[in-house]
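>>> coordinates only, sequence not included:
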């Protein structure tokens, strides 16, 4: 009981503190979605970021040095998902492993006709959610929408989602997010299941707020990480 009260008091203090100027500069330069948020959402996000950075550990993999620019950008993206809801700041998450590039993970995939194949997947990130059924629904919709986009492009049919989303599942998620915030009404009308999954994931409904146009936060972060590591 005492620890819960202490944790709440500490978080309240962190959220009330002014964000350090260097952090604010990083957010302004790399997190372009921030300027599209309302002032109330910006203040809420500032507080979440400071709590997140105080409670989570960042570890660089493969000799990678995790500078404040990486920590702040990752925290801003993670905390964007916490807006407008009660949160315990990802209680099962203690450490964030940051790789300099995409990494390879051995996994098993269904190849059809009752055959399971061992494959190696390139990933830009991953997590393990606890709500298994919800994750199963998410995976089903995202896989179907991704394959549908690839099929439409192969047949030369027009698409709402940008063609770059057919590059791989990671880029599909980035393009879907961009469309979710930038063209929410069109996405809901033409891809209702995809829209519902994105709405559940982000805990927001852009149809009733300010649409975020331009490059989305995740794409900005991925491109920025690549640009930094290629110097």
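Thanks, I have the structure now. Worth saying up front: this structure is predicted, and the values here are computed from it rather than measured. Residues are numbered from 1 along each chain as shown.

>>> show me where pLDDT drops low in the chain?
1-2, 101-130, 132-135, 208-231 (pLDDT under 70).

>>> how does it look with 80?
Scanning the chain with the threshold set as pLDDT under 80 gives 1-4, 32-33, 36, 61-63, 92, 99-136, 170, 201-204, 207-231.

>>> how does it divide up, domain by domain?
With automatic domain parsing as the criterion, the domains of the chain are listed as 2-98, 130-229.

>>> can I get those in CSV with mean neighbour count?
(C-beta placed from N, C-alpha, C; glycine too.) Converted to CSV, the domains of the chain look like this (neighbours: other C-beta atoms under 10 Å):
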stretch, mean neighbour count
domain 2-98, 15
domain 130-229, 16
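
>>> which stretches in this protein count as strands?
57-60, 95-98, 103-112, 115-123 (DSSP state E).

>>> partners of the second one, with directions?
Strand pairing for strand 95-98, using DSSP bridges, gives strand 57-60 (parallel).

>>> contacting residues around the partner strand?
66, 70-71, 74, 94-98 (C-beta atoms under 8 Å, 6 or more residues apart in numbering).

>>> rerun that using 10 Å as the cut-off
With contact meaning C-beta atoms under 10 Å, 6 or more residues apart in numbering, strand 57-60 is reached by 66-68, 70-71, 74-75, 93-100.

>>> ok, those residues vs residue 42, which is closest?
Distance ranking of those against residue 42, using C-beta to C-beta, places residue 75 first at 14.4 Å.

>>> from what I see, the closest one and residue 47 are in contact.
No - counting by C-beta atoms under 10 Å, residue 75 stays clear of residue 47, with 11.6 Å between them.

>>> without its sequence neighbours, what residue ends up closest to residue 69?
Of all residues beyond its chain neighbours, the one nearest residue 69 is residue 26 (5.3 Å), with distances taken as C-beta to C-beta, 6 or more residues apart in numbering.

>>> how far away is the closest residue to residue 85 other than its chain neighbours from residue 147?
Closest residue to residue 85 apart from its sequence neighbours, by C-beta to C-beta, 6+ apart: residue 203 at 5.1 Å. As judged by C-beta to C-beta, to the nearest Å, residue 203 and residue 147 stand 27 Å apart.

>>> circling back: residues touching the residue nearest to residue 85, list them.
Applying C-beta under 10 Å, 6+ apart, the residues near residue 203 are 80-85, 87.

>>> among the residues you listed, which are in helices?
residue 80 (DSSP state H).

>>> list the contacts of residue 19.
Neighbours of residue 19 in contact, by C-beta under 10 Å, 6+ apart: 27, 43, 45-47, 49-50, 53, 72.

>>> make CSV out of those residues and add distance to residue 17.
Converted to CSV, the contacts of residue 19 look like this (distance: C-beta to C-beta, whole Å):
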residue, distance to residue 17
27, 15
43, 12
45, 14
46, 9
47, 8
49, 11
50, 6
53, 11
72, 15
